[in-house]
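Student: my questions concern the predicted model and sequence given below.
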Amino acid sequence: GAVVSQHPSRVICKSGTSVKIECRSLDFQATTMFWYRQFPKQSLMLMATSNEGSKATYEQGVEKDKFLINHASLTLSTLTVTSAHPEDSSFYICSAVKQGGNEQFFGPGTRLTVL
Amino acid sequence: RKEVEQDPGPFNVPEGATVAFNCTYSNSASQSFFWYRQDCRKEPKLLMSVYSSGNEDGRFTAQLNRASQYISLLIRDSKLSDSATYLCVVNSFGGGKLIFGQGTELSVKP
């Protein structure tokens, strides 16, 4: 199989706090993980590409100091939304690519609500 | 212009109907093409890859026309369980980066 988990599945926080989202590949090793964001009725937008052991590559318009990505092992990548504001409320989805493969396996997503 | 554009939905069809979704992409150097399905508040799931020769998987048929940069998905004998949002996805830049269309919502009614 190729199972990807995300934690938490849902989080509600106050404006100004930081939120960490974990993405894990449960039964395979992933050298590359991707982070997406999806606003209601809109498409998934790639935020950044996370490679194990190196700095993430951010898409144009995504603030790297606000969305901190760490990919410390072959099975875990984390996204930290720092000083979250209501406009950061969204559905955050990660995906992982098996070593040697190219298909992306998606996590179940994390719904973030910032009050 | 968006990199991947799809029919604006929603499509409301009766059970058993045939429905077709269209998609165009702007980057002629795109390499890989996919259709994903996304249920409400869930992650997208790969429905099928799309090949130049066209490919079929049961009731689903996908076509690719590189010359006109056009992708299609045909669903025959639609079922209630086909109700979802269908996403046209293109790998435009290599390195695994996927570009998603905005999705077309399908609602199959009894």
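Tutor: Perfect, I can see it now.
Student: name the residues of stretch B:12-32 that are buried.
Tutor: B:13, B:19, B:21, B:23, B:24, B:25, B:30, B:32 (16 or more other Cβ atoms under 10 Å in any protein chain shown). Where you see a C-beta, it was placed from the backbone N, CA and C, and this is true even at glycine.
Student: is the closest residue to residue A:23 other than its chain neighbours bridged to anything, and to what?
Tutor: Spatial nearest neighbour of residue A:23, excluding adjacent residues (Cβ to Cβ, 6 or more residues apart in numbering or on different chains): residue A:94 at 3.5 Å. Per DSSP bridges, the residues bridged to residue A:94 are residue A:35.
Student: what is the neighbour count of residue A:94?
Tutor: 31 (other Cβ atoms under 10 Å in any protein chain shown).
Student: re earlier: of the buried residues of stretch B:12-32, just say which sits nearest to residue B:3.
Tutor: If you rank the buried residues of stretch B:12-32 by distance to residue B:3 using Cβ to Cβ, residue B:25 comes first, at 6.4 Å.
Student: so that closest one is in contact with residue B:71, correct?
Tutor: Yes: using Cβ atoms under 8 Å, residue B:25 is in contact with residue B:71, at 7.1 Å.
Student: joint contacts of those two?
Tutor: B:33, B:88, B:90 (Cβ atoms under 8 Å, 6 or more residues apart in numbering or on different chains).
Student: wondering if the strand or helix carrying the last one reaches chain A at all.
Tutor: Right, the one you point to is residue B:90. Here residue B:90 sits within strand B:84-91, counting by DSSP states H and E. Yes: applying Cβ under 8 Å from any Cβ of the partner chain, one finds strand B:84-91 in contact with chain A at residue B:87.
Student: so for that strand, what's the average pLDDT?
Tutor: Average pLDDT, strand B:84-91: 95.
Student: pass me the low-pLDDT residue ranges in the chain, would you?
Tutor: You didn't pick a chain, so chain A it is. Filtered on pLDDT under 70, chain A yields no residues whatsoever.
Student: meant chain B, my bad for not saying
Tutor: B:93-95.
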